[in-house]
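# Provided below are the primary sequence and the corresponding predicted coordinates.
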Amino acid sequence: MSGTGVGYLRIGLPVDSVRSVCHVTRDTTRLVSEGQTARFLSVAFPDGPVEAEIVNGKVWRIEVTRPRFRTADSIGVRTPLSRLLSLNSARGLTGEGQLFVVSPDHCGMSFRLSDNGSDAPSQRWDRSALARLPAATAVDKVLIFGCD
């Protein structure tokens, strides 16, 4: 997996093209943030399914929740926060009550943490603030949104 996709599933790929190069097992809508609905394709891979969010008929974002999918440097679901902190300019971003780590080392990707930092005072999530999260904090979802 990379900042542009997983296997043949790529950011910006039209739905018809996804269907021609991937095995789509489900095409559905579901509730997302703030009670809105979004369209998702579930794409089968040998290591488990990946969810592709569709906007305007194209893959807009890819959600990975299976630990067997990895970046070239072996980051993915279940990677400990301590490993993410070794990335260049790692920092945290919050949204919808969730905490993500981003780094220029992984353009087009964000790594959702299992601890959302809700026990911490509102703060800037720089490396030192992230390091204060519980030692067991790990990646529980990877979002791929494309790297320009």
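Ah, there it is. Numbers count the residues shown, from 1 in each chain.

# which SSE is immediately downstream of the longest helix belonging to the chain?
Assignment by DSSP state H gives helix 15-21 as the longest helix of the chain. Per DSSP states H and E, the first helix or strand lying C-terminal to helix 15-21 is strand 23-31.

# neighbouring strands for that next one, and are they parallel or not?
If you go by DSSP bridges, strand 23-31 pairs up with strand 37-44 (antiparallel).

# I'd like the distance from the helix or strand that comes right after the strand it pairs with to the chain centre, please.
Moving toward the C-terminus from strand 37-44, the next helix or strand (DSSP H and E) is strand 50-55. Using C-alpha atoms, centre = their mean, to the nearest Å, the mean C-alpha position of strand 50-55 is found 11 Å from that of the whole chain.

# tell me the angle of strand 50-55 relative to strand 37-44?
140 degrees (axes from the mean of the first three to the mean of the last three C-alpha atoms, to 10 degrees).

# direction included, what does strand 50-55 pair up with?
When DSSP bridges is applied, strand 50-55 pairs with strand 37-44 (antiparallel), strand 58-64 (antiparallel).

# what average pLDDT does that strand get?
Average pLDDT, strand 50-55: 97.

# not counting it itself, show me its contacts.
With contacts defined as C-beta atoms under 8 Å, 6 or more residues apart in numbering, strand 50-55 is touched by 6, 9, 15, 18, 32, 38-43, 59-66, 69. Any C-beta I mention is one placed from the backbone N, CA and C, and that applies to glycine too.
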